[in-house]
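K.L.:
Please work out how this folds:
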Amino acid sequence: PTPATAEGPIVAGVNMPYYLFHYTYGIEYSIEGIAVELQVGEWSLDKRHYMSYPPPRDFTAPPQCAHDRAHILRALYMNASAALPFWADAGARADP
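P.N.:
So this is what the prediction gives:
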């Protein structure tokens with residue numbers, strides 16, 4: 001992964017303008033890639049899972065057909081974890 005820079009992060013080889021990526025609700029999918037609402041999916045990316053520790057460095061990829069926001073947000077987490085050497089020392093653990 002390429003660390004985020006003042007010019008903006010590079011995600012999946014696309015130079016993104018520098019902006020705030022805010023998400024309010026968890027991103028939940030079944031293993032088949034079907035969006036799940038009002039419950040935790042088999043693949044889940046929800047900031048509430050990580051209130052006491054950061055996401056793991058090797059966060060599992062979302063289903064291939066998941067919405068691009070799931071792939072982008074995972075890539076940004078992976079980017080941050082690669083750029084911060086103390087990430088694992090902060091208590092990262094396996095996916096919930």
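
K.L.:
what stretches of this structure score poorly on pLDDT?
P.N.:
1-22, 88-96 (pLDDT under 70).

K.L.:
could you pull out the strands for it?
P.N.:
Using DSSP state E, the strands of the chain run over 10-11, 14-15, 27-29, 43-45.

K.L.:
Against which helices or strands is the third one packed?
P.N.:
Strand 27-29 sits against strand 43-45, helix 68-83, with contacts defined as 3 or more Cβ pairs under 8 Å, 6 or more residues apart in numbering; DSSP states H and E. From N, CA and C alone the C-beta is placed, and that goes for glycine too.

K.L.:
Put together CSV for these, with distance to Ile27 and mean neighbour count on each row.
P.N.:
Output for the helices and strands packed on strand 27-29, formatted as CSV (distance: least, Cβ to Cβ, whole Å; neighbours: other Cβ atoms under 10 Å):
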stretch, distance to Ile27, mean neighbour count
strand 43-45, 5, 21
helix 68-83, 5, 17
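
K.L.:
So for Thr24, which of these sits nearest?
P.N.:
helix 68-83 (11.8 Å; Cβ to Cβ).

K.L.:
of all the helices and strands packed on strand 27-29, which lies closest to Glu37?
P.N.:
strand 43-45 (12.3 Å).

K.L.:
The nearest residue to Glu42 once chain neighbours are set aside: neighbour count?
P.N.:
Nearest non-adjacent residue to Glu42, counting by Cβ to Cβ, 6 or more residues apart in numbering: Ile31, 4.4 Å away. Neighbour count for Ile31, taken as other Cβ atoms under 10 Å: 9.
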